[in-house]
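Peer 1: sequence below, structure please.
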Amino acid sequence: MSENPVSGTAAVPQPTLGASAPGAARLLLIRHGRSADIVPGSPDSSDPPLHTDGEAQARALGQRLRSARIDAVYSSHLRRAHDTAWQVAVHHGLDVVVHEDLEEVRLGDWANGEFRRRAATSDPEFTMWASTGRWDGIPNGESDDEFRARVAERMSRLAERHKGGCAAVVCHGGVINAYVAHLLGTHRSIWMMVENTSITTVSIADTATIVTLNDCQHLYDIVTQQA
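Peer 2: Numbering: from 1, shown residues only. Modelled structure (predicted):
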């Protein structure tokens, strides 16, 4: 007579993280490498390239992921994301597929380096806005709900396309924050600092499981702070 787990006569193993749900899609949400320093309002301020440090970060990311299963590589149209994504795609013989709705939050009057300037100078208006943890309130900017909906819709489409597989999605810190906030149902959409080229892994089947946050082992150990 065979043992029956339902009746309690057989040992049942503890589920493990490695036992993914059949048909789950894995999305590797990757922030771009460090972007170049900019002068607010200059031609490069709307779409800065990678800093030399960012280029090195992107190469390290590509090397780390070279043996991983990656079925497709996606990025926003912004240079810092696209150039980071290319460093992943080149190891897998893939093209980088661009989706403009993966771009960073649309900053309205605080675009073209103005957001960065206000943050760097601890501008009182910026400080008051930042305390809300949401994107609402930037003059002529994208609302928090609009941003979350845009990001969540694109991620849902990519997960549907890659059931049973894995896709690298190279985007922006705000995008990753907003999508994880959407999954968790949190009020704040700005709730963690996302390290450059860090990997946040989400497994999506009937429900979504956040597997890693801010994994930047290819740069340094985030726990010990050692390279």
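
Peer 1: show me the contacts for C216.
Peer 2: 195-199, 222 (Cβ atoms under 8 Å, 6 or more residues apart in numbering). Quick note: C-beta positions are derived from backbone N, CA and C, even for glycine.

Peer 1: can you check the pLDDT for it?
Peer 2: Looking at C216, its pLDDT stands at 96.

Peer 1: same thing with T9?
Peer 2: 79.

Peer 1: tell me the mean pLDDT over the longest helix along the chain?
Peer 2: If you go by DSSP state H, the chain has its longest helix at helix 144-161. The average pLDDT for helix 144-161 rounds to 98.

Peer 1: and it, which residues are buried?
Peer 2: Within helix 144-161, the residues scored as buried using 16 or more other Cβ atoms under 10 Å are 144, 147-148, 150-151, 154-155, 158-159.

Peer 1: now for the helix or strand following that helix, which elements pack on it?
Peer 2: Per DSSP states H and E, the first helix or strand lying C-terminal to helix 144-161 is strand 166-171. Contact here means 3 or more Cβ pairs under 8 Å, 6 or more residues apart in numbering; DSSP states H and E; on that basis strand 166-171 packs against strand 25-31, strand 72-75, helix 79-89, helix 144-161.

Peer 1: turn the ones you listed into JSON lines, columns for distance to E100.
Peer 2: What follows is those, written out as JSON lines (distance: least, Cβ to Cβ, whole Å):
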{"stretch": "strand 25-31", "distance to E100": "17"}
{"stretch": "strand 72-75", "distance to E100": "10"}
{"stretch": "helix 79-89", "distance to E100": "11"}
{"stretch": "helix 144-161", "distance to E100": "9"}
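
Peer 1: among those, which is nearest D44?
Peer 2: Checking the helices and strands packed on strand 166-171 against D44 by Cβ to Cβ gives helix 79-89 as the closest, at 9.3 Å.

Peer 1: downstream of that closest one, the next helix or strand is which one?
Peer 2: Next along the chain after helix 79-89, with elements defined by DSSP H and E, is strand 96-98.

Peer 1: what's the average pLDDT for that next one?
Peer 2: On average, strand 96-98 scores 98.

Peer 1: also stretch 71-86?
Peer 2: 98.

Peer 1: in that stretch, what's buried?
Peer 2: Within stretch 71-86, the residues scored as buried using 16+ other Cβ under 10 Å are 72-76, 78-86.

Peer 1: work out the gap between stretch 72-86 and the centre of the chain.
Peer 2: Centroid separation for stretch 72-86 versus its chain: 12 Å, with Cα atoms, centre = their mean, to the nearest Å.

Peer 1: end to end, how far does that stretch reach?
Peer 2: Stretch 72-86 has an end-to-end distance of 11 Å (Cα to Cα, to the nearest Å).

Peer 1: if I've got this straight, T127 is in a helix?
Peer 2: Yes. Counting by DSSP: H, G, I helix; E, B strand; the rest coil, T127 is located in a helix.

Peer 1: isn't M155 right up against V169?
Peer 2: Yes. Look at M155 against V169 with Cβ atoms under 8 Å: they come within range, at 7.4 Å.

Peer 1: what's the overlap in contacts for these two?
Peer 2: With Cβ under 8 Å, 6+ apart as the test, M155 and V169 both reach L27.

Peer 1: rewinding a little: which of the helices and strands packed on strand 166-171 sits closest to G174?
Peer 2: With Cβ to Cβ, the closest approach to G174 among these belongs to helix 144-161: 7.4 Å.
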